[in-house]
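# Quick one, what's the 3D model for this:
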Amino acid sequence: MLTWLPPYRVELELYGQGGGDFVEGPGYDALISERFAQAFQAEGLTGLLGFHPVEVVRVRRRRKSPQPGSMPPYVAVTACFGRGAVDEARSRIRRSEPITCPECRSAGVDSVHGFALEPGTWQGEDAFRPRGKRGSIVVSERFAEFVQRHGFTNMKLTPIEEYVWDPDGKGPPASTHVAPG
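Numbers count the residues shown, from 1 in each chain. Below is the predicted model:
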């Protein structure tokens, strides 16, 4: 994907009454409220990069909702590409092709029904994109507690072992475990 370059301008689609603290952005970028950004930096959390001010040029409402109130100021961030790597043996990932690159590990993912990280690969970032699952931002327990404590909105934090992504309804991969016999 191409890198988002200045000027950082966005049009937002609003599905509720107000803007949330987290908004998925273009490519690997996300928007976070200035309130979120200031707290993230003040508490010394790691893994988000950039913090570029964003101009919201238009807000379109979806669904029948009242006129939106004022939108919070946003900054653009990118979650770092971490060294944490998906543990294929302990994950339930259906693939259409085998992994050929041990670095990126991004081969034909059809569905995910929970995953795990290889022990010793995560380097302690509070937010990152793991090798083998670059499309997802994985966060630490410290990050989850931070979100809860501050009441940040528009984020659904799911434990990685419970994470499900199955756009075509293919279901989890067939078990590869052999029953003792």
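# hey, let's count contacts and neighbours off CA atoms from now on
Noted.
# which helices and strands does the helix or strand encompassing His52 pack with?
Here His52 sits within strand 48-61, counting by DSSP states H and E. The contact analysis (3 or more C-alpha pairs under 8 Å, 6 or more residues apart in numbering; DSSP states H and E) places strand 48-61 against strand 9-14, strand 74-85.
# what's the residue nearest the centre of the chain sitting at in phi/psi?
What sits nearest the mean C-alpha location of the chain, by C-alpha atoms, centre = their mean, is Ile137, with 2.8 Å. With angles defined as degrees, to the nearest 10, Ile137 shows backbone torsions of phi -100, psi 120.
# Kindly report the same for Gly171.
Backbone torsions of Gly171, given as degrees, to the nearest 10, read phi 80, psi 180.
# ok, now Ile160?
The phi and psi torsions at Ile160 (degrees, to the nearest 10) take the values phi -60, psi -30.
# can you check Ser140 too?
Per-residue torsions, Ser140: phi -80, psi 170 (degrees, to the nearest 10).
# That one contacts Gln123, doesn't it?
No - judged on C-alpha atoms under 8 Å, Ser140 makes no contact with Gln123 at a distance of 10.7 Å.
# of these two, who's got more company?
Between Ser140 and Gln123, counting by other C-alpha atoms under 10 Å, Ser140 is the more crowded of the two (16 against 10).
# In contact with that one, which residues?
Remark: with contacts taken as C-alpha atoms under 8 Å, 6 or more residues apart in numbering, Ser140 is in contact with Gly124, Glu125, Asp126, Ala127.
# Which of the three states applies to the first one?
Going back to what we said before, that points to Gly124. Judged by DSSP: H, G, I helix; E, B strand; the rest coil, the three-state class of Gly124 is coil.
# Per-residue pLDDT of the residue lying closest to Ala107 once chain neighbours are set aside, please?
Among residues not flanking Ala107 along the chain, Ile99 sits closest, at 5.1 Å (C-alpha to C-alpha, 6 or more residues apart in numbering). pLDDT, Ile99: 85.
# Could you check which helix or strand contains Ile99?
Applying DSSP H and E, one finds Ile99 in no helix or strand.
# That one is in contact with Arg105, isn't it?
Yes - under the contact definition of C-alpha under 8 Å, Ile99 touches Arg105, with a separation of 5.7 Å.
# So Phe152 lies in a helix, does it not?
No - counting by three-state DSSP, Phe152 is located in no helix; its state is coil.
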